[in-house]
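**Q** Need coordinates for the below:
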Amino acid sequence: MGAALRNFQSAYKLLHKTLLSTLLAVFCLFGLAAKAHDLSPAIVDLEITEDRIDIRIIGSIEPMILGYDLSERIEIGDGPEDGPYRDLRAQPEAVFLEELKKAWPDMTADMTLLVNGEELDLELGEVITIDPGDLELPREAAINATARFDGPNPIVRFGWDMRLGYMVLRQVGAGDEGFGGILPLGDLSPQLTRGASDVSALETFVNYIIVGFDHIVPKGLDHILFVLGLFFFSLNFRPLLWQVTTFTVAHTITLALASLQIVNLPASIVEPLIALSIVYVAIENIFGDGKTHARRLVIIFFFGLLHGLGFASVLSDFGLNPAQFISGLIGFNIGVEFGQLAVIAVAFLAVGLWFGPKPWYKSYIANPASLLIAAVGAYWTIERVFL
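**A** Coordinates of the predicted model:
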């Protein structure tokens with residue numbers, strides 16, 4: 001009885017210290033958190049009618065107006081070079097529209113619209129803005145533009161310079177045969193007509209491998225931290241293999257179900273739970289014995305289902321072409337797996353290979369790293385629920 005009481009007291013003291021350290025780290029993160037927002041790919045809807053091409057560009061437009069190079073950036077708003085962005089973001093809609101009109105010739109100089117091999121100019125039309133009110137959030141805008149052409153059978157290609165970032169192109173008015181998908185940086189679309197596009201299933205497969213990998217590295221920081229939480233549980237190959245396999249099977253299931261619109265949960269529920277999953281696996285690393293128990297695998301499976309819903313929200317933004325749904329879905333999932341394996345490989349080469357054999361690895365490397373991961377996850381949970 002006395003030994004059990006002492007074990008309980010020791011566990012309580014460790015838990016108490018861990019929670020205090022976590023709360024301290026969370027409060028520090030609140031004070032140091034960058035006021036930036038993620039840069040999502042712009043959505044471009046393109047429709048071919050009898051005598052014109054109608055294009056609508058939807059996204060955060062201020063960085064394009066200011067000529068920022070978006071090819072390598074994943075967020076904007078807090079850097080010392082982002083002063084012009086913050087200034088323009090603080091301006092009312094009238095000023096934003098005036099700046100857009102001034103910048104439109106430079107913006108379209110980075111865009112390419114080909115109709116039967118001839119490059120056409122895009123004429124700026126109606127612009128609709130949605131201001132969320134909070135200056136820390138992006139102002140979304142929908143830019144409508146038109147180009148007219150002559151000829152009965154237009155073959156259209158559209159794209160823009162990599163400086164304008166990623167683009168999700170969706171062909172409107174062509175039914176299930178129309179093109180839909182993300183374009184590689186700087187690439188033109190495949191040939192588009194009023195009917196089917198000429199993009200192959202193999203091209204879709206390869207493109208979505210890139211999209212899936214990119215969603216993990218570098219853009220999926222929450223997924224990266226979750227995978228690192230799995231990594232710091234144990235350096236033994238078998239526990240890591242069981243965890244990663246369980247996570248992969250689970251997120252594959254919900255990714256497919258959500259992409260088929262069989263299962264759907266709002267991001268306001270999914271995103272905080274994903275952040276909580278990071279907290280859980282990281283805290284359990286501190287108390288765990290490095291052996292895979294059925295309970296942990298069941299919980300990881302549940303968390304994998306949540307992460308799969310998060311992955312599916314990315315695909316819904318990109319708009320998978322129904323005619324090539326399977327190839328795009330499989331490619332995206334393979335890209336996600338490559339991204340996860342890349343994270344584990346880098347972590348092993350940076351930490352496990354050098355410090356793993358040391359008897360103090362768990363106390364001085366794995367536990368502090370897990371505590372930091374838990375602190376970040378706790379901050380994200382609070383941010384996604386209350387901020």
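
**Q** E50: neighbouring residues, count only.
**A** E50 is flanked by 8 other residues according to other CB atoms under 10 Å. Every C-beta, even on glycine, is put in place using the N, C-alpha and C of the backbone.

**Q** tell me the SS of it?
**A** coil (DSSP: H, G, I helix; E, B strand; the rest coil).

**Q** show me what contacts it?
**A** By CB atoms under 8 Å, 6 or more residues apart in numbering, the contact set of E50 is empty.

**Q** how near is it to V336?
**A** 41 Å (CB to CB, to the nearest Å).

**Q** again, but for A141
**A** A141 is 30 Å from V336, by CB to CB.

**Q** Next, the buried residues of stretch 344-361.
**A** I344, A347, V351, G352, Y361 (16 or more other CB atoms under 10 Å).

**Q** which one in these is the model shakiest on?
**A** Within the buried residues of stretch 344-361, G352 has the lowest pLDDT, namely 83.

**Q** Now do the same contact list for that residue.
**A** Residues counted as contacts of G352 (CB under 8 Å, 6+ apart) are F231, L235.

**Q** for the protein, which spans come out with low pLDDT?
**A** 1-38, 175-176, 195-199, 290, 292, 317-323 (pLDDT under 70).

**Q** residue ranges of the strands in it, please?
**A** Taking DSSP state E to define them, one finds strands in the chain at 37-38, 42-48, 52-60, 75-76, 111-115, 118-119, 123-130, 140-148, 156-160, 167-172, 180-183.

**Q** need these in TSV with distance to S316 and mean neighbour count, can you?
**A** Formatted as TSV, the strands of the chain follow (distance: least, CB to CB, whole Å; neighbours: other CB atoms under 10 Å):
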stretch	distance to S316	mean neighbour count
strand 37-38	16	14
strand 42-48	11	20
strand 52-60	14	20
strand 75-76	21	18
strand 111-115	25	19
strand 118-119	32	11
strand 123-130	18	13
strand 140-148	16	18
strand 156-160	22	22
strand 167-172	10	22
strand 180-183	11	23
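
**Q** mind putting those in a markdown table, distance to L192 included?
**A** Listed next are the strands of the chain as a markdown table, based on distance: least, CB to CB, whole Å:
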| stretch | distance to L192 |
| --- | --- |
| strand 37-38 | 29 |
| strand 42-48 | 7 |
| strand 52-60 | 9 |
| strand 75-76 | 30 |
| strand 111-115 | 10 |
| strand 118-119 | 15 |
| strand 123-130 | 19 |
| strand 140-148 | 13 |
| strand 156-160 | 4 |
| strand 167-172 | 6 |
| strand 180-183 | 11 |
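
**Q** looking at the ones you listed, which is closest to I274?
**A** Among those, the nearest to I274 by CB to CB is strand 37-38 (14.3 Å).

**Q** quick one: stretch 109-119 to chain centroid distance?
**A** Taking the mean of its C-alpha atoms, stretch 109-119 sits 30 Å from the chain's own mean (CA atoms, centre = their mean, to the nearest Å).

**Q** bridging residues for the closest residue to G125 other than its chain neighbours?
**A** If the residues on either side of it in the chain are set aside, G125 comes closest to N144, at 4.0 Å by CB to CB, 6 or more residues apart in numbering. On the basis of DSSP bridges, N144 is bridged to R56.

**Q** Do I have it right that A369 meets L228?
**A** Yes. At 7.4 Å, A369 and L228 qualify as touching, with contact defined as CB atoms under 8 Å.

**Q** higher neighbour count, the two?
**A** L228 (23 against 18).

**Q** got a list of what the more buried one touches?
**A** Shown in contact with L228 (CB under 8 Å, 6+ apart): V343, A347, A369, I373.

**Q** re earlier: out of the buried residues of stretch 344-361, which are inside helices?
**A** I344, A347, Y361 (DSSP state H).

**Q** separation between the closest residue in space to R86 that isn't next to it in sequence and W354?
**A** Spatially, and ignoring its direct neighbours in sequence, R86 is nearest to G77 (6.7 Å; CB to CB, 6+ apart). Distance, G77 to W354, using CB to CB: 36 Å.

**Q** Same check on V336?
**A** According to CB to CB, V336 and W354 sit 28 Å apart.

**Q** for L169, same thing?
**A** 45 Å.

**Q** same question, H251
**A** 30 Å.

**Q** How about I373?
**A** 19 Å.

**Q** And D82, by the same measure?
**A** According to CB to CB, D82 and W354 sit 36 Å apart.

**Q** swap in F205?
**A** In this view, F205 and W354 are 37 Å apart by CB to CB.

**Q** Same check on L100?
**A** In terms of CB to CB, L100 sits 52 Å off from W354.

**Q** Same question for S327.
**A** For S327, the distance to W354 (CB to CB) stands at 41 Å.

**Q** so P184 makes contact with Y208?
**A** No. Using CB under 8 Å, P184 is not in contact with Y208; the gap is 10.9 Å.

**Q** neighbour count winner among those two?
**A** The neighbour comparison of P184 against Y208 (other CB under 10 Å) goes to Y208, with 26 against 14.

**Q** what sits against the more buried one?
**A** So Y208 contacts G181, I182, S327, G328, L329, I330, G331, F332, G335 (CB under 8 Å, 6+ apart).

**Q** Can you give me the distance of the residue lying closest to it once chain neighbours are set aside to V343?
**A** In this structure, Y208 finds its nearest non-sequential neighbour in G331, 3.4 Å apart by CB to CB, 6+ apart. Separation of G331 from V343 (CB to CB): 19 Å.

**Q** Same check on Q324?
**A** For Q324, the distance to V343 (CB to CB) stands at 28 Å.

**Q** Kindly report the same for R148.
**A** For R148, the distance to V343 - CB to CB - is 49 Å.
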